[in-house]
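Visitor: Just to be clear, the model below is a prediction. Sequence and coordinates:
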Amino acid sequence: MLKVSEICTFYGVSQALFGVSITVEEGEVVSLLGKNGMGKTTTVHSIMGITPISSGEVLFQNKRIDDMPSFKVSRSGIGLVPEGRQIFPNLNVMENLIATSANRNANPDPWTIESVLQMFPQLKSRLNSMGNLLSGGEQQMLAIGRALMTNPKLLILDEATEGLAPMVRQEIWACIEKLKKEGIAILIIDKNIRDLTRIADKHFIIEKGQVTWHGSSDQLLQQQDILMEKLGI
């Protein structure tokens, strides 16, 4: 579904990515791992067209998207839950959910306000609350719901549970499991190795802008030296 091939990305004269390659197959959950500042978010921004690549290519459903502006990448069927949530602070929950909602890929069972509220019932009583008045956990639920309302075929979550209370993290992981069962492909950045290895099909580790390891959950858990050296765990 997603094929990132040898992409290089710069910020001005500083190179951030050095030939990064990752793949996400249909229905897969794939994690992007690495210590802070190693290029994970830059990889996501390069996929989404937020930060243009200088070489390599990004294919989504066998079509090149690396030459598209970010809004067209989103319209092609990729939903982004960005780091820091970035919900619209001056819109209420309902308005956040419908602001970018669409079903451009003709999903026969599209996401609706009702189905998002079934996924996150805590938002039911907050529909008229402004985005900036929500808790961090509620904002993350809203950010995921907003992305789902675009009916994506691939969902990208950047720091899915960062800074959230343990109970809220459990709810987010339960949501990700449900989405996997429904067949949505997911690319996820997070630091919770226990939950990632339970849910994800495969993992890519980035160090200094390069993929230095990839493999399955079983392979990752069997290599404690990799967890310590590359992830600091």
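Guide: Structure received.

Visitor: Who is Val30 paired with across the strands?
Guide: Beta bridges link Val30 to Leu187, Lys202 when assigned by DSSP bridges.

Visitor: what about it, how many residues close to it?
Guide: Using other Cβ atoms under 10 Å, Val30 has 23 neighbouring residues. All C-beta atoms are positioned from the backbone trio N, CA, C, and that covers glycine.

Visitor: hey, where'd the helices end up in this protein?
Guide: Per DSSP state H, the chain carries helices over the ranges 40-48, 70-75, 93-99, 113-119, 136-148, 166-181, 193-199, 217-221, 224-231.

Visitor: do you know how far Ala16 is from Ala185?
Guide: Ala16 sits at a distance of 25 Å from Ala185 (criterion: Cβ to Cβ, to the nearest Å).

Visitor: coming back round to it: mean pLDDT for the helices of the chain: which is lowest?
Guide: Among the helices of the chain, helix 224-231 carries the lowest mean pLDDT, a mean of 81.

Visitor: Against which helices or strands is that one packed?
Guide: Based on contacts counted as 3 or more Cβ pairs under 8 Å, 6 or more residues apart in numbering; DSSP states H and E, the elements that helix 224-231 packs against are strand 202-207, strand 210-215, helix 217-221.

Visitor: buried sites along the last one?
Guide: Right, helix 217-221. Ser217, Leu220 (16 or more other Cβ atoms under 10 Å).

Visitor: Could you list the alpha-carbon positions for that helix in PDB?
Guide: Extracted as PDB, the C-alpha positions of helix 217-221 are listed here (Å, rounded to 0.1, in the frame of the first residue of the first chain):
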ATOM      1  CA  SER A 217       7.900  -8.300  16.700                       C
ATOM      2  CA  ASP A 218       9.400 -11.700  17.600                       C
ATOM      3  CA  GLN A 219      12.700 -10.700  16.100                       C
ATOM      4  CA  LEU A 220      12.800  -7.400  17.900                       C
ATOM      5  CA  LEU A 221      12.000  -8.900  21.300                       C
END
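
Visitor: hmm, who's touching it?
Guide: Contacts of helix 217-221 from elsewhere in the structure, counted by Cβ atoms under 8 Å, 6 or more residues apart in numbering, are Ile193, Leu196, Thr197, Arg198, Ala200, Asp201, Lys202, His203, Ile226, Leu227.

Visitor: The second one against Leu187, yeah?
Guide: No. Leu196 lies out of contact with Leu187 (Cβ atoms under 8 Å); the separation is 11.8 Å.

Visitor: which residues do those two both contact?
Guide: Each of Ser31 lies in contact with both Leu196 and Leu187 under the rule Cβ under 8 Å, 6+ apart.
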